[in-house]
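S.K.: what's the 3D shape of this:
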Amino acid sequence: MNMPLPSDYEARVYAGVLGKIIGVYLGRPFEGASYEHISARWGEIRRYVHQDQNAPLVVTDDDITGTFTFIRALLDHGIRPDLSAREIGQSWLNYIAEGRHILWWGGIGNSTEHTAYLRLASGIEAPKSGSAELNGAAVAEEIGAQIFIDGWALVAPGNPDLAVRLARQAASVSHDGEAVYGAIVLAAMESQAFVERDIDRLLDLALTYIPSESRIARLIGDLRRWHREEPDWRVAQTLLVKYHGYEHFGTNCPMVPNHGVVILALLYGGGVFDRSMMIVNTCGYDTDCNSGNVGCLLGIRNGLDTLQFAYDWRGPVNDRMYLPSADGHWGMRDAASISLELANIGRVLAGVEPRTPKQGARYFFDLPGSTHGFAPSALSPRENRLKTGEGMLILEAAFAGQRCDAEVATFMSPELLAMKGYALCATPALYPGNRITARVIADANNHAPVGAGLFIRAYQDGDDELALNENHAVPLFPGQDAVLEWVVPDTKGLPIASAGVRLEGAAGTRLKLDWLTWDGTPSLTFAPPSGKPWTIWERMFVGSMEQHTWAKGDTFNLIQNRGRGVLHTGAREWRDYRLAARLTPVLGKEFALAGHVQGLTRHHGFFFRPGNRIELVRTCHEETVLATAEFPWQFRQTYKVAFELKGNLLTGYVDGAKVIEARDPRPGLETGGIGFIVTEGRLLSGPLSIAALV
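M.R.: The predicted model follows:
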C-alpha cells in the first residue's frame, strides 16, 4: 500500500544522506580502534579528528559507496516494491570489478562481501550467495548487511514494511542470520523515523520484524534494561563488551557488538545528534560504519538543523562525496544530487510524480543550505565569501580587481589522485564540446555593475597542474539576471577537473548562482597525450580490464586474462553517437566496441566472435543477441570499426561498409559511455573517437 509522503520528505532524505556521510567521515580516521585507545587519545569524540591522524576529511569509503550504489538496483531493474535479492546481486556484478571497487577485498572466508562477490561471479545467485549454508555463520553474520542498508529506508518513508522487505533482499545478497536481522532493525527504525521521533517506539516497531529469540533481539533487550537501570553510558559500554563483545564471536567484524554500539548510542544519546555521535564513536569497534548508521537515522529523525546545532558537522563536508565503482559516471557526486535521486525513487514507489529541479539542472541549490560541493577555487582569495540563501549560491567579492569564483569538481583533482585506502575512480563528468549553461543574478543591492562568466580548469600536457580557461564576462546591473552559455573548448584530450562561475566586480558586490548544468554529446578523440601526464589520462577510464597500456604511441594495448573485461569512459547522458577505432585482434575469444555503457553488465556491443561472426548484442545483466552476420575477420588484421547508436537503432561498420544493423526493442539502454570489451584475449586499438549524430 502506498503511504503519503511527509511534507518535508526531500529535506529529510537530504539530512539522512548528510548524516550518513558525516558519520563515516567522523569515524573513519580511527576505524577499528578500541574504546580504551580512543578514550586515552581524545577522551570523547566531539569533533572531527582527521587532522590529528594526518588524513583528509572527505574520503572514499565502502560504507558510503555501497550504500548509495547498491540502491541503484531499483533504477536498473525498475522502481518497484518486489525487487529481488537476485536482481540486487546482478547489480553488484554490474558495479563491482574484483579487487577494485566498493568492497574490502580481504579474501574468501575473511571478507564477507568478497566471499559473496566470488559466489555471484561464479554463477551462484543471491540470496544463496550470502547464505550461512554456503559460507558459514561466522562469515555470514558480520557487519556489512547493516552498513549498506540506509538507502532502502530513505526510499520508503513511514513505510517500514517496504523498507524491511527491500532491506532483507539487499542484505541477503552477502549476509544471513543475525546480520540480516540487524539490517532489518535499522531499516525499520530509519523508515519510521520520518513519522516517529520516540526512540523506544522505533525499537518496539523494529523488533516486530525479527525473531524474538534472535541474538539481535536479546541484545536490544539487554541494552534497554541497562539503560533503565544505569544512567552512565560508559557502564553500559562495559556491559556490552562483557556480554556481547568481539571475543564472543572470533571474527573480523561481527554484526552483534557493532549493532549494540548503534543501539547504545541511540538510547543514551536521547536522539540528540551531537551526543549520540560522541557515544557511538567513543565506544570504538567499526566506528565509521556505526557512526554512519546513527548519523543517517538521526538526520532523518531530526532534520537538517541537527547537523549544525552545537557543532558544525555539515560545513566542512560541503556536500562532497565520491562513489567509485565500475560505472565511472557516478564517481564524482554530491549529497544534494544523491538526495534528489533517492527522493524521486521514493516518490515513484509512493505513486507520486518525480520532481525535476530548475531547468533539469544538475546543480540546483534549492535544498536548504545545499552547495553541491561548490567552493572557491585555488585562484580565489580566501577572503571572498561563498554562502547559500534564497535557494541559490551567493558569491561576494572581498577585493576589487581580484578573482572571486566558485567551482565544482568534474573529475579528480591532483590531490584526489593520490587518495589512499579505497581508490577513487571516475570518468570525467564534463568534456570539450559540452555546452555549459548557468542562470546568474546580480544582487539588487550591488552599488555598481558586475561581470559574470564561466570557466573550467583542466589538466595540461606535460605536468599535473591545472590550466584555467574561461569565457568573456557578461555585464550585469544590480538586480539583472542572465543565462550564461559557453561551449567548452578543446583540452587536447586531457580531463577537465572542475567548472564554475566567476564574479568580476567591486568589493562587496554579490553574484547569485541559481543553477548550473551542461548538455550535449561531444565530438572528440581519446588518445594518450604526447608527453605526460599519462597517469591522469589513464584515470579517465574505468572498468574491469586487467591491463590497459599503450604501445607505439597512440595504440591501446588491452589484455584480459580471465573472463570478460570492460573498459569505458564518457558520461551517462551521452546519446545518439558514432564511435570508431582501429581494432587489431591479437588473441582471444571475443572483442567489441561498446556503447551506452552503464557498468560491466549494462551496455550495447558490436562484437567480433569466433566462427567468422559479428554480432550486435544487448547486455542488461543478461545477454541478448540482436543480430548476427558472417564476416571473415582474422587475428592480427587491422580493421577500421565504427559503431553507431541512434535511439534504439544499432549499426556496425567495418572499413567504411555497413555490415550489420538491428533495433533493440527494449528500453533502458538509450544512453551511456563508450569503450571496449575483450574476453580472454588481447586487443590493440588506435585512438577511440566519438562523434555526435544529428
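S.K.: residues making contact with the helix or strand hosting Ser276?
M.R.: If you go by DSSP states H and E, Ser276 is part of helix 273-282. Residues outside helix 273-282 that contact it (C-beta atoms under 8 Å, 6 or more residues apart in numbering) are 19, 22-23, 26-27, 30, 35, 38-39, 42, 44-46, 233, 261-262, 264-266, 268-270, 287, 290-291, 294-295, 298-299, 302, 306-307, 309-311, 313. Backbone N, C-alpha and C define where each C-beta goes, glycine included.
S.K.: So Pro663 is in contact with Arg618, correct?
M.R.: Rather than Pro, residue 663 is Arg. No - with contact taken as C-beta atoms under 8 Å, Arg663 and Arg618 are classed as non-touching, separated by 10.3 Å.
S.K.: any residues in contact with both of the two?
M.R.: In terms of C-beta under 8 Å, 6+ apart, Arg663 and Arg618 are both contacted by the residues Leu626.
S.K.: before we move on, back to that, what average pLDDT does the helix holding Ser276 get?
M.R.: For helix 273-282, the mean pLDDT works out to 98.
S.K.: Going by neighbour count, which residues in the following helix or strand past that helix are buried?
M.R.: Counting by DSSP H and E, the element after helix 273-282 in chain order, helix or strand, is helix 287-302. By neighbour count on 16 or more other C-beta atoms under 10 Å, the buried set for helix 287-302 is 287-302.
S.K.: For His175, state which of these is nearest.
M.R.: Using C-beta to C-beta, Cys289 is the member of the buried residues of helix 287-302 that lies nearest His175, at 13.3 Å.
S.K.: what's the pLDDT at the closest one?
M.R.: Predicted confidence (pLDDT) for Cys289: 97.
S.K.: What residues does the nearest residue to it once chain neighbours are set aside make contact with?
M.R.: Closest residue to Cys289 apart from its sequence neighbours, by C-beta to C-beta, 6 or more residues apart in numbering: Ile147 at 4.2 Å. Applying C-beta under 8 Å, 6+ apart, we find Ile147 in contact with 62-63, 66-67, 286, 289, 292-293.
S.K.: next one: Tyr363
M.R.: By C-beta under 8 Å, 6+ apart, the contact list for Tyr363 reads 337, 372, 374, 408, 515-517.
S.K.: Would you mind checking which of the residues you listed is nearest to Asp461?
M.R.: Nearest to Asp461 among the contacts of Tyr363 is Val408, at 23.9 Å by C-beta to C-beta.
S.K.: Confirm that that closest one sits in a strand.
M.R.: Yes - according to DSSP: H, G, I helix; E, B strand; the rest coil, Val408 belongs to a strand.
S.K.: and it, what are its bridge partners?
M.R.: With DSSP bridges applied, Val408 shows beta-bridge pairing to Ala499.
S.K.: picking up where we left off before, between Arg663 and Arg618, who's got more neighbours?
M.R.: Neighbour totals were compared for Arg663 and Arg618, and Arg618 leads with 22 against 11 (other C-beta atoms under 10 Å).
S.K.: Surely the more buried one is in a strand?
M.R.: Yes - under three-state DSSP, Arg618 sits within a strand.
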